[in-house]
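[1] here are the coordinates; sequence isn't available:
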C-alpha cells in the first residue's frame, strides 16, 4: 500500500487545517486506515482511524470533539479536518494503515506532513 499525506502548515492556535491522504494498493491486509502523529522527543500517537468495512471511527481523547476523520472509498482518499488547533497538536502527521483496529499498530505509511500550531 502506498500512502501520501498533504495539507499541513503553520496555523495559529484556534485555527483549522485539513489534511488529505491518497492511498493505493490492496486493502485486504489491514483493518483500517488513519492518522498518527509524532512530535520531536515524543512517542508516536494514534490520532484517528476509520475501519474499512463499516466506517467506524476512533479518536484519541486529546483530539475528540476537534478533529474529524472521513474517507471517500471511491477515490481512495482520507481526510482529517482539524479544528480548534492547539500548540500541543504540533507534530508530523502520517497517513497509515491500521493493522489491528485499535489505531495503535500501523503497517504502512508514507511521507508525513508537518503541522505547526503557534501560540
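    Received the coordinates, thanks. Note that this is a predicted model, so its numbers are computed, not measured. Residues are numbered from 1 along each chain as shown.
[2] show me where the protein has strands.
    For the chain, the strands defined by DSSP state E cover 2-6, 9-12, 17-24, 32-38, 45-51, 57-59, 67-72, 77-82, 91-98, 106-109, 113-118.
[3] just checking: what are the partner strands of the helix or strand of the chain at the bottom of the mean pLDDT ranking?
    For the chain, the helix or strand with the lowest mean confidence is strand 106-109, at a mean of 93 (criterion: mean pLDDT, DSSP states H and E). Under the criterion DSSP bridges, strand 106-109 sits next to strand 91-98 (antiparallel) in its sheet.
[4] so what's residue 29 up against?
    Going by Cβ atoms under 8 Å, 6 or more residues apart in numbering, residue 29 touches 1, 97, 107. The C-beta positions use only the backbone N, C-alpha and C, and glycine is treated the same way.
[5] what pLDDT does the model give residue 30?
    Listed pLDDT for residue 30 reads 87.
[6] ditto for residue 17
    At residue 17, pLDDT is 98.
[7] what sits against it?
    Residue 17 makes contact with 7, 8, 9, 11, 82, 85, 115 under the criterion Cβ under 8 Å, 6+ apart.
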